[in-house]
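>>> Can you look at this prediction? I've put the sequence above it.
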Number of protein chains: 2
Amino acid sequence: MGKQTMVFKDDIYINQIATVVGPKEGEGPLKNSFDKSYDELYCGESSWELAERKLMSESIDICLQKANKKPEEIDYFLGGDLLNQNITASYVARDKEIPFFGLFNACSTSMESIILAAVLLESGHAEHVMTSVSSHFSTAERQFRYPTEFGGQKPETAMYTVTGAGSAYLSKKTSNIKVEAATVGKVVDYGIVSPFDMGSAMAPAAAHTIETHLRELNRRPEDYDAIVTGDLSRIGTPILKSLLLEQDIDISKVHQDCGVLVYSTDQKVFSGGSGCACSAVVTYGHLFSELKRGTFKRILVVATGALLNPTMVQQKESIPCIAHGVSFEYVE
Amino acid sequence: MGKQTMVFKDDIYINQIATVVGPKEGEGPLKNSFDKSYDELYCGESSWELAERKLMSESIDICLQKANKKPEEIDYFLGGDLLNQNITASYVARDKEIPFFGLFNACSTSMESIILAAVLLESGHAEHVMTSVSSHFSTAERQFRYPTEFGGQKPETAMYTVTGAGSAYLSKKTSNIKVEAATVGKVVDYGIVSPFDMGSAMAPAAAHTIETHLRELNRRPEDYDAIVTGDLSRIGTPILKSLLLEQDIDISKVHQDCGVLVYSTDQKVFSGGSGCACSAVVTYGHLFSELKRGTFKRILVVATGALLNPTMVQQKESIPCIAHGVSFEYVE
């Protein structure tokens, strides 16, 4: 039977990261952990799509600068976003001229790209790999729900798409953050049909990946200083905890959610943040800082994705979801 | 400097393949090379989207059956399609319950999935990998151009999206078809803005990948019995040949195009076939049969993809393109 979990034998490291975010994220509780923020959603561009492209492009530039690398020194670029046909990543790949693997697993593309980057490094076919994901509040609203100008009211289960991009440069060269193990998700579907309730839809996928990860590695939640889901928000989080408790797994002492961490409760963001960038900017910006600070020694990041399509939602199909988990360790 | 080409050190094989196609493909010149064909575009389903899902699902089922494997024996499934948010592959991944990596590089996803499957096998993290891609004439028209009911006239440069799905099961177990080497494409953009002229848009990407592949491996076109592009069609093919001739590379003796091979000239398909399934069903169905028959010893399949988004086209942005090349060898 196929095992879903990989333990990386070679030492694969997150060599450098960079995060660029929008106004709400730049004013939120994690503001000091990001490399750059914009104070308006257009980020100085003429359209939201161009703004999102700028976020991803700049996060790669900053990451390369920190690593003292040029784009032509990077073997492969693995990237994705939420826009139709992965267009942000495709245009950025064009501009950076790095051989490109386009990925799409919705908001879990962040950890999907880390897993495949680690596999590429371990296969010996790459020495330097860049990953990047992005999302933007306004481009996501236009595409998945209603144009923001329509001003449709939202229920409290709705989430607020994080505007930002997170890039990570991986190599075998020692840094302090090691990619230790990963669990590739299966697609799980509990029959949720509302695009305004992604937290509930994604919780079973996160539960499945966490249970599998712990079982296949024979670990307990306490083996992690934090088990951090991508964007379950305040609605999905209790569902996740309860689903895992049914299997005698209690993550309540170590669980956090990027979608809850990224905004403060007085910011109007409904039940919390979501989007590809949510898990990426919180993990690369905030969580990795905590690893370096010694707060955490080992964390499991479980990026959750709703494999959502507006046409399918209109046809009353339910929303299949997936979650990819990556264990990161601090190494002296 | 990063090299774009991988030579697989371990012996990675295409263990089994399966192809399921629509009516036009099933009546075309390659009809005997496909495992199954439907005589109407709905394939017995109530919508085109469900029809496409059925094509992908059945191609996996047939592939598993030929390999005498159950879905739970497959470690990872790598798949993609052209529909927004990769929805065909996502629903199929849900139904098969195989850990899933969603990929998107437009029509070049076929070879992208083969490359990443080979890397997964070579890394030692997988023993059994399934790949699948699909496309469907009617779902693609609805999404990328105009609804077919609109009956818009098309120029002769337009292409006809192949209805079908191709699946490949890869492992280290010996079969006759070895994945020998691969070149990962860069995104290339020559400024083409018309979604009805994909052949011209994609030719420079194919030229770039072929030139890189031959240079990095120190090979000549004659080292291949066939260099087969995915879907350049009758319009893109002469552009490709001419771009390569400018670099003293003459592929005229060995070049073929899946989009030209899949239909006969008396089928009304404009300049030829396109779509994720085009390169997949022609490669897995027809070209691999020719390898087994001894016609070819080594072929280079260069799957071409137009990273197209209708919104960007409306905003007069040009269409970035990519091409991934894989060298397949017949082994006794």
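That came in fine, so what should we check first? Residues are numbered from 1 along each chain as shown, chains lettered A, B, ... in the order given.
>>> okay, and for chain A, where does confidence drop off?
Within chain A, the segments meeting pLDDT under 70 span A:1-2, A:145-154.
>>> ok, which stretches of it are helices?
For chain A, the helices defined by DSSP state H cover A:23-26, A:48-67, A:87-96, A:109-123, A:137-144, A:198-217, A:233-245, A:258-261, A:276-281, A:288-293, A:310-314.
>>> tell me the angle the fourth one makes with helix B:109-123.
So the one you mean is helix A:109-123. On the basis of axes from the mean of the first three to the mean of the last three CA atoms, to 10 degrees, helix A:109-123 is oriented at 50 degrees to helix B:109-123.
>>> Same question for the second one.
Helix A:48-67 runs at 30 degrees relative to helix B:109-123, counting by the same axes, to 10 degrees.
>>> Please apply the same query to the third one.
Helix A:87-96 and helix B:109-123 are oriented at 80 degrees to each other (the same axes, to 10 degrees).
>>> which outside residues touch helix A:87-96?
Contact with helix A:87-96 is made by A:49, A:52-53, A:56-57, A:60, A:71, A:74, A:77, A:79-81, A:100, A:102-103, A:132-134, B:186-189, B:307, B:309, B:311-312, B:317, B:320, B:322, as judged by CB atoms under 8 Å, 6 or more residues apart in numbering or on different chains. Using the backbone N, CA and C atoms, a C-beta is placed for each residue, glycine as well.
>>> which residue sits closest to the residue of the stretch 201-332 of chain A at minimum distance from chain B, ignoring its sequence neighbours?
When you check the stretch 201-332 of chain A against chain B by CB to the nearest CB, the closest residue turns out to be A:Leu307, at 3.8 Å. Of all residues not flanking A:Leu307 in the chain, B:Ser90 sits nearest, at 3.8 Å (CB to CB, 6 or more residues apart in numbering or on different chains).
>>> now swap in A:Ile14 and tell me
Residue nearest to A:Ile14 in three dimensions, not counting chain neighbours: A:Ile177, with 4.2 Å by CB to CB, 6+ apart.
>>> Tell me which strands the longest strand along chain A pairs with, and in which orientation.
Secondary structure of chain A per DSSP state E: the longest strand is strand A:5-21. Strand pairing for strand A:5-21, using DSSP bridges, gives strand A:36-37 (parallel), strand A:164-171 (antiparallel), strand A:177-183 (antiparallel).
>>> List the buried residues of that strand.
Neighbour-count burial for strand A:5-21, counted by 16 or more other CB atoms under 10 Å in any protein chain shown, picks out A:5-6, A:8, A:11-21.
>>> thought A:Asp250 was touching A:Leu244?
Yes - under the criterion of CB atoms under 8 Å, A:Asp250 makes contact with A:Leu244 at 7.2 Å.
>>> Run a quick neighbour tally on A:Ser318.
16 (other CB atoms under 10 Å in any protein chain shown).
>>> Enumerate every residue touching it.
Contacts of A:Ser318 by CB under 8 Å, 6+ apart are A:Asp189, A:Tyr190, A:Gly191, A:Ile192, A:Val193, A:Ala201.
>>> Name the residues of the stretch 151-300 of chain A found near chain B, please.
Contact residues (CB under 8 Å from any CB of the partner chain) of the stretch 151-300 of chain A with chain B: A:Val184, A:Gly185, A:Lys186, A:Val187, A:Val188, A:Asp189.
>>> any idea which of those residues has the most stuff around it?
Neighbour-wise, these (other CB under 10 Å) top out at A:Val184, 34 neighbours.
>>> And that residue, its phi and psi?
phi -80, psi 130 (degrees, to the nearest 10).
>>> now do the one 5 residues further on
When read as degrees, to the nearest 10, the backbone of A:Asp189 gives phi -140, psi 110.
>>> Quick check, it in contact with A:Ile322.
No - contact criterion CB under 8 Å: A:Asp189 and A:Ile322 do not qualify, at 9.8 Å.
>>> related to what we said a few turns ago, count of residues packed around the residue nearest to A:Ile14?
23.
>>> surely it meets A:Glu329?
Yes - using CB under 8 Å, A:Ile177 is in contact with A:Glu329, at 7.5 Å.
>>> shared neighbours of the two, anything?
Common neighbours of A:Ile177 and A:Glu329, using CB under 8 Å, 6+ apart, are A:Leu291.
>>> before we move on, back to that, dump the helices of chain A to CSV, plus mean neighbour count.
Converted to CSV, the helices of chain A look like this (neighbours: other CB atoms under 10 Å in any protein chain shown):
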stretch, mean neighbour count
helix A:23-26, 21
helix A:48-67, 23
helix A:87-96, 26
helix A:109-123, 28
helix A:137-144, 22
helix A:198-217, 25
helix A:233-245, 21
helix A:258-261, 28
helix A:276-281, 37
helix A:288-293, 17
helix A:310-314, 16
